[in-house]
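Undergrad: A predicted structure for the sequence below; I have some questions about it.
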Amino acid sequence: MDYRIFTPHMLLSPYVRYFSALDFDRSTGGLSKIRVFADRYPHLVFQHNNGHSAFLREGNALPTAFICGVKIKPYMLDLDSHSVVTVTFYPQAIKQLFGIDVYNLNNEIVDLCNFAPKDLTERLANAAGYQQRIALITDFLLKRLGNINQPDFMIKESIHLINNIEIETSLWSLAKHFKISTRQYERRFKAATGLSPKLFLRAARFENALQLIKENRFENFSNIAYFLNFTDQSHFIKDFKEFSGFTPKAFLSQNQKTEDVIPDNGIVTINHLVTGG
């Protein structure tokens, strides 16, 4: 697999975390499945194998170009050989760029044709490679900027605080930091990110737990639970399984490849685990 990440156009940086590109050839690796983990960020995806969809979920082919919202539950995808370009958005970008509330896309996959010119998917399929595809998507997104408002500073700062595991964060502490009531804060946060602050915090802790396990930066699971401010080890195991489909012990025993990136703030996002097919 050849996996690369790219910094977005300067004007898109408040909305796009990063672009990524991947070429996957089954004939070289023999892998045909991925388990997609819970993920706090929406995506725009273009994928194909000779112009046809290479992604199947429960036997059904996904659109070659689609937008997927925040993922709360893990799921499996069957793969053929493919080339894929992915745009990873900040949660607020969905409302600002596409005019829909991000929570309406939670766990959903929607054909890009609902948001883009009808010929965009065809032009992406006919492009020479990922550089041309990234340029086409960049042009499409730049045209959608128009006169939209800047992202909500409070939400942007909230995500930054939540991503910093050295800072203890909670609904109460975040609302206090921004000098508004917990009820106002929760409503505003969910409207922007698609998740309640509590669920967003849980997903962030899950991502950090994944990385600690992957890097073997722990003596036991109790240490991870304590470091990430879980109530106890059983609570940590429950959340981990809910967001990944694995217990921490089962994930550790896989010893297979996770795809990760380190985009804007040094926080690693692990999108999926490659498993045997």
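TA: Now that the structure is in, tell me what you want to look at. Numbering: from 1, shown residues only.
Undergrad: Now the longest helix belonging to the chain - C-alpha only, PDB.
TA: Determined from DSSP state H, the single longest helix within the chain is helix 197-214. Listed next in PDB are the C-alpha coordinates belonging to helix 197-214 (Å, rounded to 0.1, in the frame of the first residue of the first chain):
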ATOM      1  CA  PRO A 197     -19.400  17.000  24.100                       C
ATOM      2  CA  LYS A 198     -19.400  13.800  26.200                       C
ATOM      3  CA  LEU A 199     -19.500  11.500  23.100                       C
ATOM      4  CA  PHE A 200     -16.800  13.600  21.400                       C
ATOM      5  CA  LEU A 201     -14.600  13.300  24.500                       C
ATOM      6  CA  ARG A 202     -15.100   9.600  24.600                       C
ATOM      7  CA  ALA A 203     -14.100   9.200  20.900                       C
ATOM      8  CA  ALA A 204     -11.000  11.400  21.500                       C
ATOM      9  CA  ARG A 205      -9.900   9.200  24.400                       C
ATOM     10  CA  PHE A 206     -10.500   6.100  22.200                       C
ATOM     11  CA  GLU A 207      -8.200   7.500  19.500                       C
ATOM     12  CA  ASN A 208      -5.500   8.100  22.100                       C
ATOM     13  CA  ALA A 209      -5.900   4.700  23.600                       C
ATOM     14  CA  LEU A 210      -5.500   3.200  20.100                       C
ATOM     15  CA  GLN A 211      -2.200   5.000  19.700                       C
ATOM     16  CA  LEU A 212      -0.900   4.100  23.100                       C
ATOM     17  CA  ILE A 213      -1.600   0.400  22.400                       C
ATOM     18  CA  LYS A 214      -0.100   0.500  18.900                       C
END
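Undergrad: Quick check: next helix or strand after it?
TA: Counting by DSSP states H and E, the next helix or strand C-terminal to helix 197-214 is helix 221-227.
Undergrad: list the buried ones in the longest helix of the chain?
TA: 197, 199-214 (16 or more other CB atoms under 10 Å). C-betas here are computed from N, CA, C, even on glycine.
Undergrad: do the same with stretch 182-198
TA: Within stretch 182-198, the residues scored as buried using 16+ other CB under 10 Å are 185-186, 188-195, 197.
Undergrad: Report the residue spans of the stretch 51-200 of the chain with pLDDT below the cut-off.
TA: 147, 149-151, 166-167 (pLDDT under 70).
Undergrad: now the strands: where do they sit in it?
TA: 55-57, 60-61, 65-68, 75-79, 82-89, 109-111 (DSSP state E, counting those that start in this stretch).
Undergrad: Ser173 is nearest to which of these?
TA: Closest to Ser173 of those, according to CB to CB: strand 82-89, at 26.3 Å.
Undergrad: which residues touch that closest one?
TA: Strand 82-89 is contacted from outside by 8, 15-24, 41-49, 54-55, 97, 124, 129-130, 133-134, 137, 141, 261, 263, 269, using CB atoms under 8 Å, 6 or more residues apart in numbering.
Undergrad: Can you tell me which of the residues you listed end up in helices?
TA: Counted as lying in helices by DSSP H, out of those, are 97, 124, 130, 133-134, 137, 141.
Undergrad: can you put those in JSON lines and add distance to Thr86 and neighbour count?
TA: Formatted as JSON lines, those follow (distance: CB to CB, whole Å; neighbours: other CB atoms under 10 Å):
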{"residue": "Leu97", "distance to Thr86": "16", "neighbour count": "22"}
{"residue": "Leu124", "distance to Thr86": "12", "neighbour count": "22"}
{"residue": "Tyr130", "distance to Thr86": "10", "neighbour count": "20"}
{"residue": "Arg133", "distance to Thr86": "10", "neighbour count": "23"}
{"residue": "Ile134", "distance to Thr86": "10", "neighbour count": "21"}
{"residue": "Ile137", "distance to Thr86": "10", "neighbour count": "25"}
{"residue": "Leu141", "distance to Thr86": "13", "neighbour count": "22"}
